[in-house]
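Trainee: Give the three-dimensional model of this entry:
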Amino acid sequence: MTLWLVILAVGLGCYALKLAGLAAPRELLDQPRVARFADLVPVALLAALIAVQILTSGRELTVDPARLSGLAAAVVALLLRAPFLVVLVAAAVTTGLVRALL
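Mentor: Next up is the predicted model:
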């Protein structure tokens, strides 16, 4: 029961944040600082998510060669301006191959 209350509270909180963003006055959103913040926050969150997924296992910090190889393959594919699906496939195949070899 407590878990469902937490899920409901988080859902309502997310909805409230979205509503607050939609209700923000245009003058506030047009300020350079706010615009820059809005541009950089998703990038920082995605980088943090990638770091957590690549460098942790449970509650421990780990260095997994397969995951790091997959990340490197994705970075190379991105630098070559490959489509997103190709980036995902390159990372997955590389990770799988390294896992199979180790």
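
Trainee: CA only for contacts and neighbour counts going forward, please
Mentor: Fine.

Trainee: Would you mind listing the buried residues in the longest helix seen in the chain?
Mentor: For the chain, the helix with the greatest residue count under DSSP state H is helix 32-55. For helix 32-55, burial by neighbour count (16 or more other CA atoms under 10 Å) applies to residue 54.

Trainee: What average pLDDT does the next helix or strand after that helix get?
Mentor: Downstream of helix 32-55, the next assigned helix or strand under DSSP states H and E is strand 56-57. Mean pLDDT, strand 56-57: 87.

Trainee: Nearest residue to the middle of the protein?
Mentor: A centroid search over the chain (CA atoms, centre = their mean) returns residue 46, at 2.7 Å, as the residue closest to the centre.

Trainee: Pull the number of nearby residues for residue 23.
Mentor: Residue 23 sits with 9 neighbouring residues when counted by other CA atoms under 10 Å.

Trainee: and if you look at residue 64?
Mentor: 14.

Trainee: For the helix or strand of the chain at the bottom of the mean pLDDT ranking, give me every contacting residue.
Mentor: Ranking every helix and strand in the chain by mean pLDDT, DSSP states H and E puts helix 26-29 at the bottom, with a mean of 84. The list of residues contacting helix 26-29 from outside it, by CA atoms under 8 Å, 6 or more residues apart in numbering, reads 34, 35.
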